[in-house]
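**Student:** Got a predicted structure plus its sequence, pasted below:
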2 protein chains.
Amino acid sequence: MISWNKDLFEFKVVASDGNARAGILKTPHGEIETPVYMPVGTLGTVKAVTHREVEELGYKIILGNTYHLYLRPGLDVIKEAGGLHNFINWKKALLTDSGGFQVFSLARKKGQASVKITEEGVIFRDHLAGDLHLFTPEFVAYIEEVLGADIIMPLDVVVPYPTDYTTAAEALDRTIRWLERFIKARTRDDQALFGIVQGAFWKDLRRESALKTMEYDDYLFGYSIGGLSVGEDAQTMYEMTQEVTRLLPWNKPRYLMGVGKPENLVESVERGVDMFDCVFPTRVARTGTLYTTYGKVNIGNQKYRKDFSPPDPECDCYTCRNYTKAYLRHLFNVDEITAYILNTIHNLAFYKRLMEQMRKAIIEGRFQKWKAEFYEKYFSNQS
Amino acid sequence: MISWNKDLFEFKVVASDGNARAGILKTPHGEIETPVYMPVGTLGTVKAVTHREVEELGYKIILGNTYHLYLRPGLDVIKEAGGLHNFINWKKALLTDSGGFQVFSLARKKGQASVKITEEGVIFRDHLAGDLHLFTPEFVAYIEEVLGADIIMPLDVVVPYPTDYTTAAEALDRTIRWLERFIKARTRDDQALFGIVQGAFWKDLRRESALKTMEYDDYLFGYSIGGLSVGEDAQTMYEMTQEVTRLLPWNKPRYLMGVGKPENLVESVERGVDMFDCVFPTRVARTGTLYTTYGKVNIGNQKYRKDFSPPDPECDCYTCRNYTKAYLRHLFNVDEITAYILNTIHNLAFYKRLMEQMRKAIIEGRFQKWKAEFYEKYFSNQS
């Protein structure tokens, strides 16, 4: 059974403040300071910004989505290119998910009973041509090895929201059995695997999932918390997160999958999470929402028509240094692609700075003070 | 009657080869080497690329469209921002058209009889809400002064294609009368006005238009050739262009409006044109066409699925330095915004290099040789 090459990967908590941690995550494609937000590059690109811009914003790791890349451009293309790093020419670290979440969410959207789950794996119709596919833990391990990301996720069983206790408990157990099969199928030690903790919204299931996953600790470089931010209230999400992080080994990174809004990141870092990914900052940028120090700005708003101030007076990104709300409002209102570009650059800058500020506050032992100050400004003006 | 401030503007032909010329055009916002292609920033942005990218590609001047900017964001916004340079934060030179072409083409597209032309001006319904507007030479002079571009165009009468001799002759005369009214209405000498030569597809009308326009030479910093590339064959366009350029004063810049494809630029430079604008390179980039040294590449083509070579082996743009045809094909096929960005960067780089190569060839007295070599490669492989 494959573990990870200890020369290539390392995680170290360098400081903590309460449960919040600051760390360094070493990968074959560079070091990453945590807590970290990872931009989502679903199909091999962060939407609306070039790699150059992502790098200049200081990002050291982005995500690729296994489900999407498997469908398009297809495994044969990425294999022949020499893996995802080569295919997309991204020199820094990459993380791929297992496709599990997409299989259950996207495929389901078709409205048909298009997902059938057995012990063997999950049979689904894709959201494009509707072709049938079978994802087993072994096949996903193979796909992710072809993609070749630095950090990889095992195939897990995602339950719908809302769900019942029995379904969640069964999914949890199957996720563990699939984890073992995934580990056994691996052949590369230059990728580091995380275990995924499930258990829906029951604390006892979350505990059970965490402890059962930890039985494979020798083969797991880190731990993901899955199945959250799927429709439950934020308080429930925080409680489930805390129930899990308090059990997980201190010396390994924790990754809260698919989360979230700025305040979700703050609350989860406080509860001991190190890594995040979420499409929010890039997606809402394309619908005109800018995250700023003083709250959200809906840039299409008529009130910005002659507002010649930058979107965020405390931001030094390309967008805020160069453009006014009036200009960004105009670009957005006339559907210019540059509106999406400039908004995305800003939101990614905001998320990057948010994580950096948290890391600094943790290292300096003033996380609570920082949090209070951040919230005071951030919730002062939602427009 | 306002001319241009001789301290702020200057045009000098520094070399010529046959009728082809290399020049320097000085404006209050920097010097421009000619022949020059000017990217179109219709609504205050070149589509799909940030100003930074446009500047890094070496462009020193871009266009804004008076008709579009007048409608959105509206004159009051741009006036309060202190002009178009300030509003869009573009530090280099700007050129605005008169809106004439858009009034006749866009407004007409509604399918109604939505354009009514009188001696006073042109009454039209816009292509958005369908509101009624009146553009007179005086009002357009005012609009363009609010926009504040370095180089401005007078309101002209654009005839439909095809048209008849009488219509073209009458439009020509009215264009001259409107030119005089436009000149009389001007108040700023930090903008330089061009005259627009019309005359449709009759050489005698083109000659008549050129000579009548040249009667206002004291007030005209340069000469535009309008009404071409509207549906006629390329040969006709070249003949009309040549008929005009041979009459125009040698020491003033000639601008062929709305042209064109790479070969149109080559043929027109050969016939003495110095300035061009066209939406082609940016527009076709968004539909997947890349202009390359070896002809057009339709990047969505299945044959590029596993083509891991750059789009243009002789191009040093960000796109060609970093990405393969296979990756660009993938991005285009999955509708990623970055496909539009990367394709646009490349096409703008191609046009920039094309103009630079022509300028160098003119200066070195080998334009014909360069042209033959360019065509040999460019027409070797259209895919």
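**Tutor:** Everything's here; your move. Numbers count the residues shown, from 1 in each chain, chains lettered A, B, ... in the order given.
**Student:** Now do the same contact list for A:L179.
**Tutor:** Shown in contact with A:L179 (C-beta atoms under 8 Å, 6 or more residues apart in numbering or on different chains): A:137, A:154, A:156, A:195-196, A:213, A:216. Yep, even glycine has a C-beta here, placed from its N, CA and C like the rest.
**Student:** and for stretch A:232-244, what are the contacting residues?
**Tutor:** Contacts with stretch A:232-244, where a contact means C-beta under 8 Å, 6+ apart, come from A:19, A:161, A:197, A:199, A:201, A:203, A:206-207, A:209-210, A:223, A:225, A:228-229, A:254, A:256, A:259-260, A:263-264, A:267-268, A:271-273.
**Student:** filter the residues you listed to the buried ones?
**Tutor:** A:197, A:199, A:201, A:206-207, A:209-210, A:223, A:225, A:228-229, A:254, A:256, A:259-260, A:264, A:267-268, A:271-273 (16 or more other C-beta atoms under 10 Å in any protein chain shown).
**Student:** Narrow these to those in strands?
**Tutor:** Within those, residues falling in strands by DSSP state E are A:197, A:223, A:225, A:254, A:256.
**Student:** longest single helix anywhere in chain A?
**Tutor:** helix A:337-363 (DSSP state H).
**Student:** Show the subsequent helix or strand relative to it.
**Tutor:** Next along the chain after helix A:337-363, taking DSSP states H and E as the criterion, comes helix A:367-378.
**Student:** which residues sit against that next one?
**Tutor:** A:17-18, A:20, A:262-263, A:266, A:269-270, A:293-295, A:354, A:357-358, A:360-361.
**Student:** What residues of that helix count as buried?
**Tutor:** A:367, A:370-371, A:374, A:378.
**Student:** so how far is that helix off the chain centroid?
**Tutor:** Distance of helix A:367-378 from the chain centroid (C-alpha atoms, centre = their mean, to the nearest Å) equals 23 Å.
**Student:** ok, now stretch A:156-172?
**Tutor:** That offset, for stretch A:156-172, works out to 21 Å (C-alpha atoms, centre = their mean).
**Student:** Next, the contact list for A:L147, please.
**Tutor:** By C-beta under 8 Å, 6+ apart, the contact list for A:L147 reads A:64, A:66, A:69, A:78, A:83-84, A:94, A:96.
**Student:** hmm, which two among those are most spread apart?
**Tutor:** Greatest spatial distance in the contacts of A:L147: A:T66 and A:G83, 13.0 Å, computed using C-beta to C-beta.
**Student:** With neighbour numbers in mind, choose between the two.
**Tutor:** Higher neighbour count among A:T66 and A:G83: A:T66, with 28 against 16, using other C-beta atoms under 10 Å in any protein chain shown.
**Student:** Tell me how far the more buried one lies from A:I78.
**Tutor:** A:T66 sits 11 Å away from A:I78, going by C-beta to C-beta, to the nearest Å.
**Student:** Looking at the stretch 151-300 of chain A, which residue is nearest chain B?
**Tutor:** Nearest to chain B in the stretch 151-300 of chain A, going by C-beta to the nearest C-beta, is A:R286, at a distance of 8.1 Å.
**Student:** Excluding covalently adjacent residues, which one is nearest to that residue?
**Tutor:** A:Y340 (4.8 Å; C-beta to C-beta, 6 or more residues apart in numbering or on different chains).
**Student:** That neighbour contacts A:A48, correct?
**Tutor:** Yes: if you go by C-beta atoms under 8 Å, A:Y340 and A:A48 touch, sitting 4.3 Å apart.
**Student:** near chain B, which residues of the stretch 1-150 of chain A show up?
**Tutor:** Listed as neighbours of chain B in the stretch 1-150 of chain A under the rule C-beta under 8 Å from any C-beta of the partner chain: A:43-52, A:72-73, A:76-77, A:80-81, A:87-89.
**Student:** overlap in contacts of A:Y340 and A:A48?
**Tutor:** What both A:Y340 and A:A48 touch, as defined by C-beta under 8 Å, 6+ apart, is the set A:285-286, B:337.
**Student:** Please tell me which one of those residues counts the most neighbours.
**Tutor:** Neighbour-wise, those (other C-beta under 10 Å) top out at A:A285, 28 neighbours.
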